[in-house]
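[1] structure here, sequence nowhere to be found:
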C-alpha cells in the first residue's frame, strides 16, 4: 500500500509528540492528604442569669394633663342630702366620690382605699391645685375624706378644667379623672 505524504507527516508528528511526552519526567508522588480535622461541637454557652425583677413604675409624664385617664366611668346618684358622683370600673368598687351634703353646704371628696391614718390628698386642675388632709372616719372605713365648702373656687376649677383633674394620695396611684357632667351636677346640687 502506498501511503500519502500527508498521512506520513501525520504519523511522524504523532510519533514526535509521543516521544516528547515520554521525555517529561514523571511527577513526584502525590502527597497523601492529611486527615480532615475532627469537628467537635463547641460547649454550650453558660445559661444567662435570670433577670432581676424590677418594680413596675408608673410612666412619668412631664405634664399630668398628658397622662392617660384612669379607666372607669362616673355614676351619678340622687341622695336625700344632694347628689353624689362615684368614679370607678364598677359601681360597687368606686375609686373616688364627690358627695354633696346640702344641709352643711359642703362637698365631701372621698378617695376609696385602705388608709391607716390621716393622709394628704392633692387635687390638681388646669388652673388650680390644692393639698388637703384627708381623714379616715371610723364610720366609713376604707375611705379617706375631706369636706370642702360647696362655694370654694376649687370646685369651679374642677368643673372648668380642660377635661380632667388629678387626685393624688400617698401610697396610692394617682387618679386622672374626667370632668364630665356628673361632677358639675354634684357641684350645682350643693350651691
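    Cool, the structure landed. As the structure is a computational prediction, the values presented were derived from the model and not from experiment. Numbers count the residues shown, from 1 in each chain.
[2] now residue 154, what are its backbone angles?
    In terms of degrees, to the nearest 10, the main-chain angles of residue 154 are phi -60, psi -40.
[3] contact partners for it?
    With contacts defined as CB atoms under 8 Å, 6 or more residues apart in numbering, residue 154 is in contact with 123, 125, 128, 130, 148. To be clear about C-beta, it is placed using only N, CA and C from the backbone, and glycine gets the same treatment.
[4] and residue 186, how far from residue 74?
    Taken as CB to CB, to the nearest Å, the spacing of residue 186 relative to residue 74 amounts to 9 Å.
[5] more neighbours: which of those two?
    With neighbours defined as other CB atoms under 10 Å, residue 186 and residue 74 compare such that residue 186 has more, 26 against 21.
[6] and that one, how far is that from residue 180?
    Counting by CB to CB, the gap from residue 186 to residue 180 is 11 Å.
[7] what's the overlap in contacts for residue 186 and residue 74?
    By the contact definition CB under 8 Å, 6+ apart, residue 186 and residue 74 are jointly contacted by residue 85.
[8] now residue 90, what's its secondary structure?
    The three-state assignment at residue 90 reads coil, by DSSP: H, G, I helix; E, B strand; the rest coil.
[9] how about it, phi and psi?
    With angles defined as degrees, to the nearest 10, residue 90 shows backbone torsions of phi -130, psi 150.
[10] kindly report the same for residue 67.
    Summarising the backbone geometry of residue 67 under the convention degrees, to the nearest 10, its torsions are phi -70, psi 150.
[11] doesn't residue 176 make contact with it?
    Yes - when contacts are counted by CB atoms under 8 Å, residue 67 is listed as touching residue 176 (5.0 Å).
[12] tell me which of the two has more neighbours.
    Between residue 67 and residue 176, counted using other CB under 10 Å, the more crowded position is residue 176 (20 against 16).
[13] gap between that one and residue 139?
    Computed as CB to CB, the residue 176 to residue 139 distance reads 29 Å.
[14] quick revisit: just flag the most distant two among the contacts of residue 154.
    Set against one another by CB to CB, the contacts of residue 154 have their most distant pair in 125 and 148, with a gap of 13.4 Å.
[15] more crowded one of the two?
    Summary of the neighbour comparison: residue 125 and residue 148, criterion other CB under 10 Å, with residue 125 having more neighbours (21 against 15).
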